[in-house]
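**Q** Got a sequence here, can you build the structure:
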Amino acid sequence: MWNRSAAYGFNSIWRRGGTYWISIKADDPRLSPAMQLSLSNPEPVATAGPFAWREVEKGFEVSELPVMVGGRQVDTILLNRIDPALYRFVARNAPAGNMGIDEWEKVLPKAVLIVNGSYYNLKGAPDTPMLSEGVPMGPKDYDAKAGVFIAGDGFADIKDLSAQTWQTAFQGATNAMVSYPLLLGPDGETHVPVKSRWLANRTFVAKDGDGRMIVGTTKEAFFPLDRLADFLKASPLNLKIALNFDGGPIACQSVRLNGFQRKFYAKWEAQVYGDEVRLLRWPISSANWAMPMVLTVERRGDG
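**A** Numbers count the residues shown, from 1 in each chain. Below you'll find the model as predicted:
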């Protein structure tokens, strides 16, 4: 186990008893109602319900965007809209597998937002190129064609990597995460080429038409990636570009601001092959997952 997964593997067993998949049918009650609906035929079409932004601190707004199907709410996207001139974004890695949302909150008391980040390998280290406070992490030789989140002094952005290298995109940034797929490109189109029925809690980062960064997490696992991209394109969020982060039980979110608190523990992931659904499970069902990769937001001047 140490050769394969190092400390991450040991802590995964200690934390939640390990991980396994079970094979079930699409109407199995062990799936959430939203997942059962998502797998129904014909494929359900989701639209955005009414919502409103609430500014809880200057430059930081929160909201919950209803996901509607046939007049019924089937999912909710926990939203944060952030002015990068007032808040700094930091990419972090904790490869030992001992840091879940609760532990990240304890070690980062000044972080006003904590969400999972990009992908990690079997040992909990970055699986894509990354910058954390100016320190390069992850693979040095990596062919990235999707997107990258970057942040530096007074700015945050998402770059399309179809026409530039990640090394070029990293220039001038102090924090960055390469990830995939690019849900929405700067051309205004979705960039998820393959239709899928892989369901999971989702986290994405996006930039709107006013240059603000939007970070969202789905409470349910209603969306495969192609349908999430379609939903975001048609949503009233005015997104100009959007990048997917890793998903599943690690897609947790913490918000701690003056007068507003939010903590969400993700739990869902299912691979679907024809009529077979493989649902992700773990023996200690009450345990929350470790988050080796996180993106945090802090007030400028608090770092």
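**Q** So which residues make contact with stretch 230-241?
**A** For stretch 230-241, contacts defined as Cβ atoms under 8 Å, 6 or more residues apart in numbering pick out 46-48, 51, 65, 67, 79, 147, 158, 160, 182-186, 188-190, 204, 206-210, 214, 223, 242. Any C-beta I mention is one placed from the backbone N, CA and C, and that applies to glycine too.
**Q** middle-most residue in the protein, spatially?
**A** The chain has residue 203 as the residue nearest its centroid, 2.2 Å off, counting by Cα atoms, centre = their mean.
**Q** what's the nearest residue to residue 83 once chain neighbours are set aside in contact with, if anything?
**A** Computed as Cβ to Cβ, 6 or more residues apart in numbering, the closest residue to residue 83 that is not its neighbour in sequence is residue 59, at 3.4 Å. Shown in contact with residue 59 (Cβ under 8 Å, 6+ apart): 82-83, 85-87.
**Q** hmm, try it at 10 Å
**A** Contacts for residue 59 were tallied using Cβ atoms under 10 Å, 6 or more residues apart in numbering; they are 81-87, 212, 299-300.
**Q** swap in residue 43?
**A** Residues in contact with residue 43 (Cβ under 10 Å, 6+ apart) are 195, 197, 224, 227.
**Q** Which secondary structure state is assigned to the first one?
**A** When classified by DSSP: H, G, I helix; E, B strand; the rest coil, residue 195 comes out as coil.
**Q** Can you list the low-confidence ranges for this protein?
**A** Scanning the chain with the threshold set as pLDDT under 70 gives 303.
**Q** switch to 90 and redo it
**A** 1-6, 8-11, 14, 163, 193-194, 258-259, 273-275, 285-286, 300-303 (pLDDT under 90).
**Q** how about the helices of it, start to end?
**A** With helices called from DSSP state H, the chain shows them at 2-16, 33-38, 101-107, 166-170, 225-234.
**Q** could those go into TSV alongside mean neighbour count?
**A** Output for the helices of the chain, formatted as TSV (neighbours: other Cβ atoms under 10 Å):
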stretch	mean neighbour count
helix 2-16	16
helix 33-38	20
helix 101-107	15
helix 166-170	18
helix 225-234	20
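**Q** Of those, which is nearest residue 289?
**A** With respect to residue 289, and counting by Cβ to Cβ, the nearest of the helices of the chain is helix 2-16 at 6.8 Å.
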